[in-house]
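**Q** Show me how the following folds:
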Amino acid sequence: MKQKPLVKEIAKERVGILLAAALLEKNPELADRQAMAAKKMALRHRIKLAYEARQLYCKSCKALIIPGRTARVRLGRSDTRVIRITCLRCGYVYRKIISRPQNKDL
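**A** Okay, here's the model as predicted:
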């Protein structure tokens, strides 16, 4: 039963390699297939993707999001600072609130 941790470690490494290759890929179809293969492998081996890796997938259509290529990224100008990310495939818009640094007087 010593094989499971080794298999999980190899799968985690391959997921990282596939995501890195998908981000560098110029062909969008190949990048999508690599990203979906990485996600399937992570699910199959019960590997939790890092926060940065989870943000690479659209929450609606599950497509790979690459800012500038498959997604539009905008900064909000209101009192609460917000990053708006729009998936160019399905049009889904999701927002991330940017917290302002708190000044602590010590």
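
**Q** what number of residues lie near the residue nearest to residue 71 when sequence neighbours are not counted?
**A** Distances taken as Cβ to Cβ, 6 or more residues apart in numbering place residue 65 nearest to residue 71, at 4.4 Å, with adjacent residues excluded. Any C-beta I mention is one placed from the backbone N, CA and C, and that applies to glycine too. Residue neighbour count, defined by other Cβ atoms under 10 Å, stands at 23 for residue 65.

**Q** Assumed residue 42 was part of a strand.
**A** No - looking at residue 42 with DSSP: H, G, I helix; E, B strand; the rest coil, it is helix, so not inside a strand.

**Q** just checking, it touches residue 15?
**A** Yes - at 5.1 Å, residue 42 counts as touching residue 15 under the criterion of Cβ atoms under 8 Å.

**Q** which residues touch the residue nearest to residue 71?
**A** 55, 56, 57, 58, 71, 85, 87 (Cβ atoms under 8 Å, 6 or more residues apart in numbering).

**Q** In JSON lines: these, plus pLDDT.
**A** Shown next, in JSON lines, are the contacts of residue 65 (pLDDT from 0 to 100):
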{"residue": "55", "pLDDT": "91"}
{"residue": "56", "pLDDT": "92"}
{"residue": "57", "pLDDT": "95"}
{"residue": "58", "pLDDT": "94"}
{"residue": "71", "pLDDT": "95"}
{"residue": "85", "pLDDT": "95"}
{"residue": "87", "pLDDT": "96"}
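
**Q** if I've got this straight, residue 4 is in a strand?
**A** No - if the criterion is three-state DSSP, then residue 4 is helix and not within a strand.

**Q** Give me the common contacts of residue 42 and residue 15.
**A** Contacts common to residue 42 and residue 15, judged by Cβ under 8 Å, 6+ apart, are residue 49.

**Q** Kindly indicate which of the contacts of residue 65 lies nearest residue 94.
**A** Among the contacts of residue 65, residue 85 lies closest to residue 94 (Cβ to Cβ), at 5.7 Å.

**Q** any idea which helix or strand carries that closest one?
**A** Taking DSSP states H and E as the definition, residue 85 sits inside strand 82-87.
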